[in-house]
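> what follows is a predicted protein model with its sequence.
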Amino acid sequence: MRKLKIGIVGLSRGRGFVSVFSSHPDVTISAICDIDQKKLAEVGDAFELPDSARYSNFDDFLNDDMDIVMIATPIPFHAEQTIKSLQSGKHVLCEQTVAYTIEECERVVEAVKKSRKKYMMAENYCYFHYIREWKKIINAGEIGKILYAEGEYIHNIFHLLVNPETGQFYWRHERPPIWYCAHTLGPLLMLMKDRIVKACGLTTGFNIHPQFKDHPGFLDFEVGFFKTETGAVVKILRSQVPACPHFVWYCLYGTKGHLENKRVKGEGFIYVDGKTPDDGEVFTSSVVDPNAPEEAKKGGHGTSEYYMIRDFLDSIKNNTEVPINVFRATEWTIPGIIAHQSAMKGGTWLDVPILG
Ligand SMILES: NC(=O)c1ccc[n+]([C@@H]2O[C@H](COP(=O)([O-])OP(=O)(O)OC[C@H]3O[C@@H](n4cnc5c(N)ncnc54)[C@H](O)[C@@H]3O)[C@@H](O)[C@H]2O)c1
């Protein structure tokens, strides 16, 4: 089979994808795009791409000969760039989340339906090693039906909201923390095989950085409570400015057992009723698959990006459904938008539209 040609736009996060796709035997990098000439030159030189493959204008980039566009630009550009890429006959792998508004999500869904091309949201946390292991345990029925789940994604990215020296704001300053909900809801809903139908949000306000109270990115904490289609309950916590280390934490309670990773470092545990001792069984929290091939470690976030890309490329080659299609992608995006609306109303329960 001929190699698939890929173009990558947004070379900050996208640089890692240039690296991981370059080392894939079935792919060639046809083009890269960034409005920042310095980044364009840096990445182009690092991967020995000719000048003709380097674009600073997205529309010109789309005219290059490509099968796939990987979108790794700031979220406000996702909807427009996704729709244009699909309309020009390309498959799309787009960073999360789908978009910032429900109307934009609807437009992306319509564009995917019309295009007959593959669209996958690049929610890499679904591919963490321990999440892939949990999926096997849950699918084998070990912990039973999942009734309750929690996720916390806590990451101090103050320096990505504002430049502390110049005071210049970056795009994330206006992103309420809970809009970025796919890292928490994505893995949980994938494991639960469920969808959110109602949301309630709460926030503690702007106590950590009161001087930035007009910039929703600086909200201290946002919590989302959700009800799912099958009657389960989910809670997520988000902060972009906490006074604590970066961590990602999940737990799931089923009718027969419980799974949990460790909040900061080390091991988590699994408990299966009647099988494990009361203090649970130590279970890996590693994001790296120890049995993965060497090239799997070239992507970011452990071995997650390697497996995510492998699934996406396989679905193109075999013409099968992508694992995180546009419906899953919007189901992991819209609840955060609604939870923020709820938080701004003091915590009213609101319906969550399902687009599929
Ligand atoms: N999955 C993950 O773990 C993860 C981690 C970090 C970022 N992200 C996602 O990656 C995306 C990019 O985030 P980032 O941290 O790289 O942001 P960033 O602001 O650091 O970089 C964005 C890059 O896109 C370029 N750019 C901006 N507008 C453009 C346009 N219209 N056309 C072409 N290039 C443009 C900028 O010059 C910059 O190089 C976001 O969607 C973010 O949510 C995902």
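Here it is on my side, so go on.
> so is residue 200 in a helix, a strand, or just coil?
Following DSSP: H, G, I helix; E, B strand; the rest coil, the label given to residue 200 is strand.
> quick check, pLDDT for it.
pLDDT, residue 200: 98.
> residue 270 too?
pLDDT, read off for residue 270, is 88.
> what distance do you get for it to the ligand?
25 Å (CB to the nearest ligand atom, to the nearest Å). (Glycine included, C-beta is placed from N, CA and C.)
> how about the contacts made by that residue?
Residue 270 sits next to 137, 142, 143, 257, 258, 259, 260, 276, 280, 281, 283 when contact means CB atoms under 8 Å, 6 or more residues apart in numbering.
> the fifth one pairs with what?
Spelled out, that is residue 258. Beta bridges link residue 258 to residue 253, residue 271, judged by DSSP bridges.
> was I right to think it contacts residue 143?
Yes: proximity of residue 258 to residue 143 meets the contact threshold set by CB atoms under 8 Å, at 6.5 Å.
> which neighbours do the two share?
252, 270.
> comparing the two, which shows the higher neighbour count?
For residue 258 versus residue 143, neighbours defined as other CB atoms under 10 Å are more numerous around residue 143 (23 against 19).
> so for stretch 164-183, mean pLDDT?
97.
> strands of the stretch 251-356 of the chain, residue ranges please.
257-260, 268-272, 281-283, 350-351 (DSSP state E, counting those that start in this stretch).
> so of the ones you listed, which one's packed in deepest?
strand 257-260 (a mean of 22; mean count of other CB atoms under 10 Å).
> can you lay out the strands of the stretch 251-356 of the chain as JSON lines showing distance to residue 33?
Putting the strands of the stretch 251-356 of the chain into JSON lines (distance: least, CB to CB, whole Å) gives the following:
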{"stretch": "strand 257-260", "distance to residue 33": "40"}
{"stretch": "strand 268-272", "distance to residue 33": "39"}
{"stretch": "strand 281-283", "distance to residue 33": "42"}
{"stretch": "strand 350-351", "distance to residue 33": "37"}
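> just tell me which of these ends up closest to residue 88.
Comparison of the strands of the stretch 251-356 of the chain against residue 88 by CB to CB identifies strand 350-351 as nearest, at 35.1 Å.
> nearest residue to the middle of the chain?
residue 123 (3.2 Å; CA atoms, centre = their mean).
> surely that one meets residue 183?
Yes: Residue 123 lies in contact with residue 183 (CB under 8 Å); the separation is 7.2 Å.
> just the closest residue of the stretch 251-356 of the chain to the ligand, please.
residue 301 (5.8 Å; CB to the nearest ligand atom).
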